[in-house]
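S.K.: Turn this into a structure:
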Amino acid sequence: MSKVVAVCRSEKKGVTKDVVAEVTLKKDYGVEHDAHANSTTHRQVSLLATESIQKMRDMGLDVGPGDFAENITTEGIELFSLVPGTRLSVGKEVTLEITQIGKECHAGAGCAILKQVGKCVMPKEGVFARVIQGGTVRAGDTIETAR
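M.R.: Numbers count the residues shown, from 1 in each chain. Model prediction:
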């Protein structure tokens, strides 16, 4: 079963996100009180799997949820294999629609992790989504591919 391992947010861009008890997602906006929330973008929420984070740990990095600036850290779902347009049901209320797989790291300059070890998982394995139906998300919530 796929689930949420952690939820994260930060009020500033360009920094790691703090793990919090829960986040509120607003329709067509993103995570309340998060610097990346914006109604004009298709990248309202970012997700990264713990399995992807583990790849960086295997390279010797001490990293965990929020260190890649993701809003939702997952387990048991290969996020980067989803196609844009896929909908995810998260917990009892939230529906997300995958809009982008991967991203360019900081305008081509590379993030701190890329500079440190020469590799970062977010550009290939992080995914972005827009909020179709809002609500509260917390660690332990289930994630299902919506039909």
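S.K.: Test of understanding: give the bridge partners of the residue nearest the centre of the chain.
M.R.: Nearest to the geometric centre of the chain sits residue 47, at 1.8 Å (CA atoms, centre = their mean). Beta-bridge partners recorded for residue 47 (DSSP bridges): residue 72, residue 127.
S.K.: Report the contact partners of it.
M.R.: Each residue near residue 47 by CB atoms under 8 Å, 6 or more residues apart in numbering is listed here: 70, 71, 72, 73, 74, 79, 96, 126, 127, 128, 129. Backbone N, C-alpha and C define where each C-beta goes, glycine included.
S.K.: where do the strands sit along this protein?
M.R.: 2-9, 18-20, 22-26, 30-31, 45-49, 72-75, 87-90, 94-101, 127-133, 135-138, 142-145 (DSSP state E).
S.K.: As CSV, could you dump the C-alpha coordinates of the fifth one?
M.R.: Pointing back at strand 45-49 there. The C-alpha trace of strand 45-49 is given here as CSV (Å, rounded to 0.1, in the frame of the first residue of the first chain):
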residue,chain,number,x,y,z
VAL,A,45,2.7,20.6,-5.0
SER,A,46,5.9,18.6,-5.2
LEU,A,47,6.3,14.9,-4.3
LEU,A,48,9.3,12.6,-3.8
ALA,A,49,9.4,9.0,-2.8
